[in-house]
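Asks: A predicted structure for the sequence below; I have some questions about it.
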Amino acid sequence: LMRGVMRPENLARTYRLLFGIFAPPIFGAILFLIFAFVTETNTSLLNIGRILEYLAQLHVVIFFAFVFVGIQSLAFSLIMEFVVRPKSLGLRYFLLISCILGLLAALVPGVLVDDLGLFVSVGCLVGTFVGLLIHDRGTEIDRRNA
């Protein structure tokens with residue numbers, strides 16, 4: 001085995017850890033902007049200028065998402081990889097735990113902004129979506145056959 005070459009299972013773990021850290025704030029920021037945009041368009045006419053204004057704010061919202069849920073995303077990623085994954089749970093339980101962790105991560109910004117309902121909803125959706133993307137069905141099947 002060559003030194004410096006990452007084995008496929010280590011590469012997959014690295015991918016899942018990094019994805020679990022970086023994806024939640026980004027997806028959460030996008031969902032937050034979509035919700036804000038949809039809420040606004042319910043009360044006014046839809047125009048392309050307004051869409052561009054929201055898109056122009058995406059980087060700011062993503063930055064603040066990392067500030068307010070960066071530590072939670074790190075915890076989410078570590079828990080999912082080193083606590084939940086080794087238990088070899090089925091997809092349904094894996095996603096349920098991921099959803100609950102997303103909900104818990106959203107409590108801090110939800111309380112700070114005083115919109116718990118919105119942030120908890122976004123947290124659950126993001127947790128479930130990220131869980132779906134980091135769930136490794138092949139590993140689950142391999143463990144059952146071992």
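Replies: Looks like it came in fine.

Asks: got the contact list for the host helix or strand of Phe64?
Replies: Take DSSP states H and E as the rule and Phe64 turns out to sit in helix 58-79. Helix 58-79 has contacts (Cβ atoms under 8 Å, 6 or more residues apart in numbering) with 16-26, 28-30, 32-33, 98, 101-102, 104-106, 108-109, 112, 127, 130. Where C-beta positions appear, they are placed from N, C-alpha and C, glycine not excepted.

Asks: recalculate using a threshold of 7 Å.
Replies: 17, 20-21, 24-26, 28-29, 32-33, 101, 105, 108-109, 112 (Cβ atoms under 7 Å, 6 or more residues apart in numbering).

Asks: any low-confidence regions in the chain?
Replies: Within the chain, the ranges that satisfy pLDDT under 70 run 1-6, 42-46, 137-146.

Asks: what about 50?
Replies: 1, 140-143, 145-146 (pLDDT under 50).

Asks: spatially central residue in the chain, please.
Replies: Residue closest to the mean C-alpha point of the chain, counted by Cα atoms, centre = their mean, is Pro24 at 2.6 Å.

Asks: ok, and for the strand or helix carrying that one, which residues are buried?
Replies: Pro24 belongs to helix 8-41 when assigned by DSSP H and E. Within helix 8-41, the residues scored as buried using 16 or more other Cβ atoms under 10 Å are 13, 16-17, 20-33, 37.

Asks: sounds good, over and out.
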